[in-house]
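Trainee: Please work out how this folds:
(2 chains)
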Amino acid sequence: MSDVTFSHESEAAVRGRSLAQDAVRRFVRHPTGVTGTAILVVFLLVTLFAPVLRHQDPLRGNLRMRMLPPTWTMSQSELQQRDLHRFSYPMGTDALGRDILARVLYGGRISLRVGLEAVLMAAAVGTLLGLISGFFGGWLDTFIVWFVDILLAFPGILLAIAIVAALGQSLLNALIAISITYVPVYIRIVRSVTLGLRQAEYVQAARALGSRSNRIILAHVLPNGLSPLMVQFTLSIGTAILDVAALGFLGLGARPPSPEWGAMISDGFGRFRVAPWLSIFPGIAIFFSVVGFNLLGDAIRDVLDPRLRR
Amino acid sequence: MFAYVSRRVLGLIPVLFGVSLLVFTIPRVIGGDPARVMVGERGSQATYERLREELGLNRPMFFNVAGLKQDGVKGLFDSQYFGFVFNAVRGNLGRSLFTLTSVRRGLAARFPATFELTIVAMLIAVGLGVPTGVLAALRRGTAVDTGVMFLALAGVSFPVFWLAIIMIYVFTVNLGWLPSLGRIDPTAVFHSRTGFYVLDALLQGNWPVLWDVLRHLVLPGLALGTIPLAIIVRMTRSSMLEVLGQDYIRTARAKGVEWRSVVNKHALRNALLPVITVIGLSFGQLLSGAILTETVFAWPGIGRFIYDAIGSRDYPIIQGGVLFVATMFVIVNLLVDLSYAAIDPRIQYV
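Mentor: All right, here's what the predicted structure looks like:
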C-alpha cells in the first residue's frame, strides 16, 4: 500500500461514502463486470429492436430461399444466380426458408425472458420460504428443510424434465419447472443469513425496543442477505438460460415454430451434417448471453465481498 | 464415527421418502390416467376396466381406509402409493406401458453404458482439471492464468448438447477421426457379458474391440466432462491460492524444502479437499447431464431410456428412471461426505 492510496482512502472516509457507492465504484473499475454488462446490454438492445434490425419474419419463410448457407460463404456465381448479395442472409436459412438471423434475434426475447422470469419467481418464493424457515423456526423450518433436501436430491435438470414430462410440453411449463429447481438454492441462502442474524445484538435490540417481526425482517435481515442473493441471482439466470435451451432441445420447452434457441438447435440437429449453420448460430447466441451473466455474477461477487479476491 | 455414519444413513430415509412421494404424485395428479394412455382412444371400456384392475389403479391413492376395517393395518397400506414404495424397495419398478418389459431390467441393462460414460467424463474432468487449476494458481495473474480462467468460464457457458453437435461436426463429419454414434461399431463381433464394454474387451483380450470402444467414448466423454472440468479448474485454482497463502507454506519454503515438493505435498493435498466435494457433486450432475449427451450421441444409457420414455409418456419408466438417478445421487453425495473423514484427519465427527 502506498501513501497515496492511504490518503485517498481516508479522504473518502472523511467525505463519507456509502457501501453501495463504494460497490458501484469498484464495479465500474472491474474489467469482467464491465465486459459482462456490455455483452448483456448488446443482447438486450438487439432483442428489443429485433423488428428494426431485421425485417424478415422469424416465423414465415421464403420457400425459394430454403436451406441457404450463410450468404458470405457462397461464391459470387451462386449469389448472382439467386439474386442475393453477400450479406442477404448472414446466418443462412432453414428448411422452410426462414431467416436464421431474424430467428436468433427474436429467439433472444424468449430465451432471455424465460430465464429471467424463472429465476425471479424462484428468488421470490425461495426468499420468502427461507425467511419463514430461518426466522420462525419450529416445525415449519423442519418441513421446509425437508422439502429443500428432497428437491436437491434430483441432480441438475432431471427434476425439471420430470415436471415437464408430467405437466406436458409447453414453454410456460418449462418456465415453472425450471423455476422450481432453483427455489432450494434461495431458501438455503436466505435461511442461513436469517439464522445467523437472529441472535445478532442489533436484532435483539430491535426486538427489545418492540419492533415487530416484519419490520425486523425488512430493515435488518433482508439487507444483509442482499449481496449473496444478488450474486446467486445473476449466476442463476445464466444457468437458467441453459436449462431453457436444454428443455427446448429435448422437445420439452417451446413448441415449433417458436424461434427459441434450444428448439432451433434441435431443429438443426437432424440436419447438422449438411446444414451446420442451423445449429451453430443459436448456440453462439446462448453461449454469449450465458457468458454475459456469468461475468456479471463473478464481478458482483468480487465487488460486494472484497475479501474474496479470486 | 459410527454414530455419525449411522445418523447420516438414517437421515437418507426421510429424503428418499419425499423423493418417492414426489415421483409418485406428480404424474398421477397431472399426467392423466395411465390406463387410458395404454388403451388408447379407440380401446374398449372393458379393456380399460381390466387394465385399471391389473395396474391397481382402482385402489385408493395413499391410505386404504376400507382396507383398514377389512384386514387391519396391513389393509390400510393396500394403496397405490404404498404398493409403489414396497415394490420399489424390493427392486420392482413395474413394467413399461408399451413393451411390458420390466423397468428394473431396462435400467439394469442400460446402467453400464451410462456408468462407463460417466467414469470417462470424470477421468477427463479430474485428469485435466486439477493440473490446469494448479498451473493457473501457480502462474497467478499471468497470461496463462487469464487464459485458463477464460476457458473455464466458457466451459460452464456452453449448452452441452450444442458443444456435442459441434464436436461431431468437426471430428466426425469433417475430419473423420472419431465415431459419434453408439458405443461400438455395429459390425463388430463382440459379446459383452457384464455390459461394461471396456472391461469385457480387456478381460477377453479383444484389442481391436477395445480400441473401437475407447474411440466411441472420446466425444461423448469430452462433451459430458466439459462442465465438471470447468468447475474443477476454478475450484482447484481458488483452493490452491488460498492454501499457498498459508503460514506453513512460507515455513516450508523458509526451511528450504524444494518448491516442487511444497506444491505437491504441502499445498496440493490440502487444496484438494474442497475439490473432492465438487467432484462428488459433479457425479450427480453427470448422471443428469447424460440425458442430453446420450440423446446427441445415440448412447444407449439411462438418460436416453428416460428421454425416450418421455416421448411416449411411458410413466413407469420415467418414474423408475428418475427414482433410480435421484437415489444414486443421494447415495453418492453421502459417500463423498463420509470420505472426508478418511481423507482429512482434522475433521472430527461426533
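Trainee: Please tell me how far A:Leu226 sits from A:Gly196.
Mentor: For A:Leu226, the distance to A:Gly196 equals 14 Å [Cβ to Cβ, to the nearest Å]. (Glycine included, C-beta is placed from N, CA and C.)
Trainee: Now B:Phe62: phi and psi?
Mentor: With angles defined as degrees, to the nearest 10, B:Phe62 sits at phi -110, psi -60.
Trainee: That one reaches B:Leu76, doesn't it?
Mentor: No: counting by Cβ atoms under 8 Å, B:Phe62 does not reach B:Leu76; the two are 9.9 Å apart.
Trainee: Now do the same contact list for the residue nearest to the spatial centre of chain A.
Mentor: The residue lying closest to the centre of chain A (Cα atoms, centre = their mean) is A:Ile237, at 1.8 Å. A:Ile237 makes contact with A:115-116, A:119, A:293, according to Cβ atoms under 8 Å, 6 or more residues apart in numbering or on different chains.
Trainee: Closest one of these to A:Leu218?
Mentor: Distances from A:Leu218 to the contacts of A:Ile237, taken as Cβ to Cβ, are shortest for A:Val119 (22.1 Å).
Trainee: Within the helices and strands, which one has the closest one?
Mentor: According to DSSP states H and E, A:Val119 maps onto helix A:100-136.
Trainee: ok now that helix, how far from the chain's centre?
Mentor: 7 Å (Cα atoms, centre = their mean, to the nearest Å).
Trainee: Specify the angle between the helix or strand just after that helix and helix A:100-136 in degrees.
Mentor: Sequence order places helix A:138-152 as the next helix or strand after helix A:100-136, per DSSP H and E. Computed with axes from the mean of the first three to the mean of the last three Cα atoms, to 10 degrees, the direction of helix A:138-152 lies at 150 degrees from that of helix A:100-136.
Trainee: and after helix A:138-152, which helix or strand comes next?
Mentor: Using DSSP H and E, the first helix or strand after helix A:138-152 is helix A:158-167.
Trainee: got any ranges where the stretch 1-150 of chain B has weak pLDDT?
Mentor: B:27, B:29-34, B:37-38 (pLDDT under 70).
Trainee: give me that answer again for 90
Mentor: Scanning the stretch 1-150 of chain B with the threshold set as pLDDT under 90 gives B:1-13, B:17, B:20-103, B:140-142, B:150.
Trainee: from it, which residue is nearest to chain A?
Mentor: B:Gly18 (3.6 Å; Cβ to the nearest Cβ).
Trainee: A:Pro256: which of the contacts of A:Ile237 is nearest?
Mentor: After measuring those against A:Pro256 - Cβ to Cβ - the closest member comes out as A:Gly115, at 19.8 Å.
Trainee: Now do B:Val198 against B:Glu116, distance only.
Mentor: For B:Val198 relative to B:Glu116 (Cβ to Cβ), the value is 6 Å.
Trainee: So which of these two has more stuff around it?
Mentor: Using other Cβ atoms under 10 Å in any protein chain shown as the criterion, B:Val198 and B:Glu116 rank with B:Glu116 on top: 23 against 18.
Trainee: Could you say which helix or strand holds that one?
Mentor: B:Glu116 belongs to helix B:103-138, assigned by DSSP H and E.
Trainee: any idea how far whichever helix or strand comes after that helix is from the chain center?
Mentor: Note on helix B:103-138: by DSSP H and E, the next helix or strand toward the C-terminus is helix B:143-155. Computed by Cα atoms, centre = their mean, the chain-centroid distance of helix B:143-155 equals 27 Å.
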